[in-house]
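>>> no sequence for this one, just the structure:
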Ligand code: SF4
(Lines give C-alpha, C1' and ligand atoms only; values in the text may rest on other atoms or scores of the structure.)
Protein backbone atom coordinates (compact mmCIF):
# COMPACT_ATOMS: atom_id res chain seq x y z
CA UNK A 1 0.00 0.00 0.00
CA UNK A 2 1.31 3.46 -0.88
CA UNK A 3 1.98 5.58 2.21
CA UNK A 4 0.63 9.11 2.06
CA UNK A 5 3.22 11.78 2.85
CA UNK A 6 3.13 13.98 5.92
CA UNK A 7 2.92 17.68 5.11
CA UNK A 8 5.86 19.42 6.82
CA UNK A 9 6.95 23.02 7.25
CA UNK A 10 9.89 23.24 4.86
CA UNK A 11 12.07 25.11 7.39
CA UNK A 12 11.91 22.04 9.66
CA UNK A 13 13.48 20.00 6.87
CA UNK A 14 16.42 22.38 6.48
CA UNK A 15 15.03 24.71 3.84
CA UNK A 16 16.28 28.27 4.42
CA UNK A 17 12.86 29.77 3.93
CA UNK A 18 12.34 31.63 7.18
CA UNK A 19 11.82 35.39 7.10
CA UNK A 20 15.47 35.92 8.08
CA UNK A 21 16.80 33.36 5.59
CA UNK A 22 17.43 30.74 8.27
CA UNK A 23 16.07 27.21 8.66
CA UNK A 24 15.04 25.27 11.78
CA UNK A 25 15.98 21.68 11.01
CA UNK A 26 14.78 19.00 13.44
CA UNK A 27 14.75 15.22 13.41
CA UNK A 28 11.22 14.10 12.62
CA UNK A 29 11.10 10.68 14.25
CA UNK A 30 8.56 8.38 12.69
CA UNK A 31 7.90 10.58 9.67
CA UNK A 32 8.92 8.58 6.62
CA UNK A 33 7.64 10.44 3.61
CA UNK A 34 7.33 14.22 3.60
CA UNK A 35 5.70 16.90 1.50
CA UNK A 36 7.56 20.16 2.35
CA UNK A 37 5.75 23.48 2.03
CA UNK A 38 6.34 27.07 3.10
CA UNK A 39 3.10 29.07 2.99
CA UNK A 40 4.86 32.43 3.24
CA UNK A 41 7.11 31.69 0.28
CA UNK A 42 4.13 30.33 -1.66
CA UNK A 43 2.31 33.57 -0.84
CA UNK A 44 5.08 35.39 -2.70
CA UNK A 45 6.60 37.11 0.34
CA UNK A 46 10.16 36.09 -0.63
CA UNK A 47 13.28 35.36 1.42
CA UNK A 48 14.33 37.33 3.36
CA UNK A 49 11.07 39.13 4.07
CA UNK A 50 9.66 41.45 6.71
CA UNK A 51 8.35 39.70 9.84
CA UNK A 52 4.58 39.28 10.01
CA UNK A 53 2.21 38.82 12.90
CA UNK A 54 -1.35 37.56 13.30
CA UNK A 55 -3.51 39.95 15.30
CA UNK A 56 -6.39 39.23 17.68
CA UNK A 57 -8.71 39.89 14.72
CA UNK A 58 -7.14 36.99 12.83
CA UNK A 59 -5.63 39.26 10.19
CA UNK A 60 -1.96 38.99 9.28
CA UNK A 61 0.09 42.15 8.91
CA UNK A 62 3.68 43.13 8.23
CA UNK A 63 5.02 44.24 11.59
CA UNK A 64 7.06 47.19 10.36
CA UNK A 65 4.44 48.75 8.06
CA UNK A 66 1.08 47.38 9.19
CA UNK A 67 0.32 46.22 5.63
CA UNK A 68 -2.41 43.56 5.64
CA UNK A 69 -1.22 40.43 3.82
CA UNK A 70 -3.97 38.07 4.96
CA UNK A 71 -5.43 37.51 1.50
CA UNK A 72 -2.12 36.32 0.01
CA UNK A 73 -1.54 33.92 2.88
CA UNK A 74 -5.09 32.57 2.78
CA UNK A 75 -4.74 31.96 -0.97
CA UNK A 76 -1.40 30.17 -0.53
CA UNK A 77 -2.87 28.07 2.27
CA UNK A 78 -5.81 27.04 0.08
CA UNK A 79 -3.35 25.98 -2.63
CA UNK A 80 -1.44 23.92 -0.08
CA UNK A 81 -4.64 22.26 1.12
CA UNK A 82 -5.43 21.31 -2.49
CA UNK A 83 -1.90 19.94 -2.94
CA UNK A 84 -2.19 17.97 0.30
CA UNK A 85 -5.56 16.51 -0.61
CA UNK A 86 -4.26 15.44 -4.00
CA UNK A 87 -1.34 13.64 -2.31
CA UNK A 88 -3.66 11.93 0.20
CA UNK A 89 -2.17 13.78 3.19
CA UNK A 90 -4.01 13.22 6.48
CA UNK A 91 -1.51 14.80 8.88
CA UNK A 92 0.90 17.68 9.06
CA UNK A 93 3.86 18.65 11.22
CA UNK A 94 4.23 22.42 11.26
CA UNK A 95 6.62 24.84 12.93
CA UNK A 96 5.49 25.89 16.38
CA UNK A 97 4.43 29.50 17.09
CA UNK A 98 4.61 30.80 13.49
CA UNK A 99 1.82 33.16 12.33
CA UNK A 100 1.34 30.79 9.39
CA UNK A 101 2.30 27.37 10.76
CA UNK A 102 1.68 27.59 14.53
CA UNK A 103 -0.82 25.07 15.82
CA UNK A 104 -1.45 25.86 19.50
CA UNK A 105 0.35 29.11 20.06
CA UNK A 106 1.63 32.05 18.03
CA UNK A 107 3.83 35.04 18.81
CA UNK A 108 2.15 38.40 19.16
CA UNK A 109 3.72 41.60 20.42
CA UNK A 110 6.78 39.71 21.57
CA UNK A 111 4.66 37.33 23.66
CA UNK A 112 3.64 33.73 23.07
CA UNK A 113 -0.16 33.56 23.11
CA UNK A 114 -2.75 30.88 22.40
CA UNK A 115 -3.70 30.83 18.73
CA UNK A 116 -2.97 29.20 15.41
CA UNK A 117 -1.51 30.09 12.05
CA UNK A 118 -3.35 30.66 8.79
CA UNK A 119 -2.16 27.44 7.16
CA UNK A 120 -2.98 25.44 10.28
CA UNK A 121 -6.55 26.77 10.25
CA UNK A 122 -6.98 25.88 6.56
CA UNK A 123 -5.63 22.35 7.02
CA UNK A 124 -7.76 21.69 10.11
CA UNK A 125 -10.86 22.94 8.32
CA UNK A 126 -10.09 20.37 5.62
CA UNK A 127 -9.85 17.60 8.23
CA UNK A 128 -6.06 17.33 8.20
CA UNK A 129 -4.53 16.87 11.67
CA UNK A 130 -1.80 19.35 12.60
CA UNK A 131 0.91 18.91 15.22
CA UNK A 132 4.04 20.92 15.89
CA UNK A 133 7.57 19.54 15.72
CA UNK A 134 7.63 19.78 19.53
CA UNK A 135 4.72 17.36 19.85
CA UNK A 136 6.40 14.63 17.86
CA UNK A 137 9.91 15.07 19.36
S1 LIG B 1 7.32 28.40 9.84
FE2 LIG B 1 6.08 28.01 8.02
S3 LIG B 1 5.95 30.00 6.99
FE4 LIG B 1 7.66 30.13 8.45
S5 LIG B 1 9.45 29.56 7.27
FE6 LIG B 1 8.71 27.70 8.22
S7 LIG B 1 7.38 26.81 6.64
FE8 LIG B 1 7.69 28.93 6.08
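Thanks, I have it. Given the structure is predicted, the values throughout are model-derived calculations rather than measurements. Numbers count the residues shown, from 1 in each chain.
>>> show me what stretch 98-107 is in contact with.
If you take Cβ atoms under 8 Å, 6 or more residues apart in numbering as the criterion, stretch 98-107 is touched by 9, 39-40, 52-54, 60, 73, 77, 94-97, 112-120, 130-132, 135. (Glycine included, C-beta is placed from N, CA and C.)
>>> helix or strand right after the longest helix anywhere in the chain?
In the chain, taking DSSP state H as the definition, the longest helix is helix 70-87. Reading on from helix 70-87 to the C-terminus, the next helix or strand found by DSSP states H and E is strand 91-94.
>>> how about the following helix or strand past that next one against the ligand, any contact?
Using DSSP H and E, the next helix or strand after strand 91-94 towards the C-terminus is strand 105-108. No - Strand 105-108 lies out of reach of the ligand by Cβ under 6 Å from any ligand atom, never closer than 10.6 Å.
>>> next up, phi/psi of the residue most central in space within the chain, please.
Central residue of the chain (Cα atoms, centre = their mean): residue 101, 2.5 Å from the mean position. Dihedral angles of residue 101 (phi, psi; degrees, to the nearest 10) stand at phi -110, psi -10.
>>> what do you get for residue 129?
Residue 129 adopts backbone torsions of phi -70, psi 140, taken as degrees, to the nearest 10.
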